[in-house]
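Undergrad: no letters, just coordinates:
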């Protein structure tokens, strides 16, 4: 339960003879749900305000002053009262439900045998449970052209629609983006799109999931299966750093769809289209199934033993000939924590090198207990933020479901400031939009601190300790100096500084990759310091930090896939080479796991390596240049954990039978470690997690059981003891 | 074409309301006065002036029957078909107008002079049957009065 609810008075009522206690303001439907009593609904959706349009959720509520009898009332719009007595199964309620269903079925085609929704359809289920067995309507039903395409990915069968408006309200009120609309009125009402405002929202797929009937269907799922043929496994979306909870629905050996597995703390029940329909690489028939080795310039198929022997031999030979400095490894922001942990361990212990890194934003080393790469707030904290500052971040395209959180905060009254070189969809809702020159974000953060110090606006723990020396630190970073590159006036910048400093809760977010822009070398530290000075680091509904790119970007850091720290950010005495140094000719042999450096550096640099081994699912640009390619499994075929952008460690479960021939990265690492002379006895990623939990203070106490279905967040408060390694 | 003057009137209308979107209906009326019906340009103008998305404007415009979705004639004749007018002979009245104007209910005369519509209650049940010509009421419309009205309308063309 969130911190708010503890202050709300509780109300006790009786539903069907069962006593239920719920917070004041709860609607009867929700109270019944908590008591385990089903009240059928169509228009109501727990994540949206009540509408009361479909008339399906009638209940009888005993009058406060008998004998004034009351007609049935809608459970979705009626708030609970102390002592309320509700009946959900009286003859009057049964009659009302039958009546509503008979009307809904007047125009419904009853094409269930060929409808994709058949088997998981609320109209089908509720008709079976509460409906009339027959219809008295013997006239012609409505007919439409079917189906019509309402977006690139979604089809609409208007005959099946019961006009509940869930989809329209989602696109208009939750996504607040171009979406579906209700056209006409009365019996002519239909769902449609405005031809001038195409339904191109990245959140479009949610309407398919919300549709209580088969009116809205995904093109990718049309006529491919029946729901009872699916095997359903809880997992985590691999699409970005938000880590939305999903259910992976599999038939035989293919993923057929991803659906939301509501986690109120993370996704709030929504998915973006990129995540929802991004499973094709897993099903791709072109996936790698057999290890490949390069002979005479061409990659040839070989056996696992031959490939692994060759890799170990080449890596060892390079170390023998040129020393440990000549080998290095690039880890992954997509693979699990367990695999990244094993990867750095194999390099550090097996090859005695600290040349370990992955592609990431630019962050300073930890100091004085601060880890500027950690988002200090929480995703749910954004809901009630007073001010959100996007400093070179565009969640809509990069971390989409977070965009819905920001819109939720705006509905709750938050103010939004967008500073971005490019136009973004969220601009429309912002109170302030500045078009800055790329790379000027850090300078803006410093100018804001200049104003905070010059006008004595500092608050919190930092305010007391401001020395004259410190005060002069940002002396030269005047708003006047940065105004032109920020696309605002010096007065605008002063106004923003005052607002942040006076805000009840400001959330300051920047994209991980914005820190890579020349000029933003110190962005992470500057943004963190700005939040410290204005007391937004640990305040509720506030926070500062990066928005990561990939599903396990933070996990890769946590696991020490970095040249200068061991797992848990323990500094290392003799740091190794970083990403650019290794690829820029620093090493002779490179070991790449689930990464594609050919996308980030000149691919010709990879050709200069003496030896390149790549663990990968598909033939990427990097794999094409490798000497050995080891086929790896996807997130859906293995177990492990990933860590999202707010430090929540979440479990992946095996949803799909592993692709024959390919192996999980942790299995590949174990096999190579053995060949490198390490004595590893891990039977499964669960054993690795046990080791992580004891070796990495941030992950102390985490076990697969403790993680449950929805994961656990590690606390950034209290930097672990600084233990020097090597 | 939505003229600059009309846009100015729309902006002035929006300024009268504490919440801009409350002005949507009167703003759409201005758009319809300007172009005869709600055109894509009218939708866009309303969306710009009120500051809401165009698809939201279309939801409202298509919901209200008094906003026309397609071009109408110079004169719009709305005949009430609700209960009081029905009991007082609106079916006969519509038949008489259809024959006299040479169009069916819902159609526009080929010369673009008249559009004949059946509409729901015009809130004048005490004087049924009623019709409106360009929003002006004609009450207690007897067959004689209807014939006279048609002569008058045609003479004004």
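TA: Received it, and whenever you're ready, just let me know what you need. Everything numeric here is computed off the predicted structure, so don't read it as measured data.
Undergrad: where in chain B is pLDDT low?
TA: Counting by pLDDT under 70, chain B contains no low-confidence segment.
Undergrad: residue A:60 and residue A:97, how far apart?
TA: Distance, residue A:60 to residue A:97, by Cβ to Cβ, to the nearest Å: 12 Å. For glycine as for every other residue, the C-beta is placed from the backbone atoms N, C-alpha and C.
Undergrad: any residues in contact with both of these two?
TA: Common contacts of residue A:60 and residue A:97, defined by Cβ atoms under 8 Å, 6 or more residues apart in numbering or on different chains, are absent altogether.
Undergrad: so for these two, which sits in the more crowded spot?
TA: Higher neighbour count among residue A:60 and residue A:97: residue A:97, with 26 against 20, using other Cβ atoms under 10 Å in any protein chain shown.
Undergrad: what sits against residue A:365?
TA: With Cβ under 8 Å, 6+ apart, residue A:365 has these contacts: A:564, A:565, A:571.
Undergrad: check contacts around residue A:56.
TA: Residue A:56 neighbours (Cβ under 8 Å, 6+ apart): A:40, A:41, A:42, A:43, A:97, A:100, A:101, A:104, A:126.
Undergrad: can you name the residue of chain B nearest chain A?
TA: At 3.9 Å from chain A, residue B:55 is the closest residue in chain B, using Cβ to the nearest Cβ.
Undergrad: give me the number of residues near the residue of the stretch 451-600 of chain A found nearest chain B?
TA: Proximity of the stretch 451-600 of chain A to chain B (Cβ to the nearest Cβ) peaks at residue A:492, 21.7 Å away. Neighbour count of residue A:492, defined by other Cβ under 10 Å: 15.
Undergrad: now swap in residue A:521 and tell me
TA: 15.
Undergrad: next one: the one 3 residues further on
TA: For residue A:524, the tally of surrounding residues (other Cβ under 10 Å) stands at 26.
Undergrad: wait, the residue of the stretch 451-600 of chain A closest to chain B sits on residue A:434?
TA: Yes - in this structure residue A:492 lies within contact range of residue A:434 using Cβ atoms under 8 Å: 7.4 Å.
Undergrad: if we can go back for a sec, show me what contacts the residue of the stretch 451-600 of chain A closest to chain B?
TA: Each residue near residue A:492 by Cβ under 8 Å, 6+ apart is listed here: A:432, A:434, A:483.
Undergrad: quick check: closest non-adjacent residue to the first one.
TA: It refers to residue A:432. Taking Cβ to Cβ, 6 or more residues apart in numbering or on different chains, and ignoring the residues beside it in sequence, residue A:432 has residue A:417 as its nearest neighbour in space, at 4.5 Å.
Undergrad: swap in the last one?
TA: Take residue A:483 and drop its neighbours on the chain: the residue closest to it by Cβ to Cβ, 6+ apart is residue A:490, 4.8 Å away.
Undergrad: can you pull the contacts of the residue in the stretch 601-726 of chain A that chain B sits nearest to?
TA: Residue nearest to chain B within the stretch 601-726 of chain A (Cβ to the nearest Cβ): residue A:645, separated by 29.3 Å. Residue A:645 is in contact with A:241-243, A:375, A:379, A:399, A:402, A:545-548, A:553-554, counting by Cβ under 8 Å, 6+ apart.
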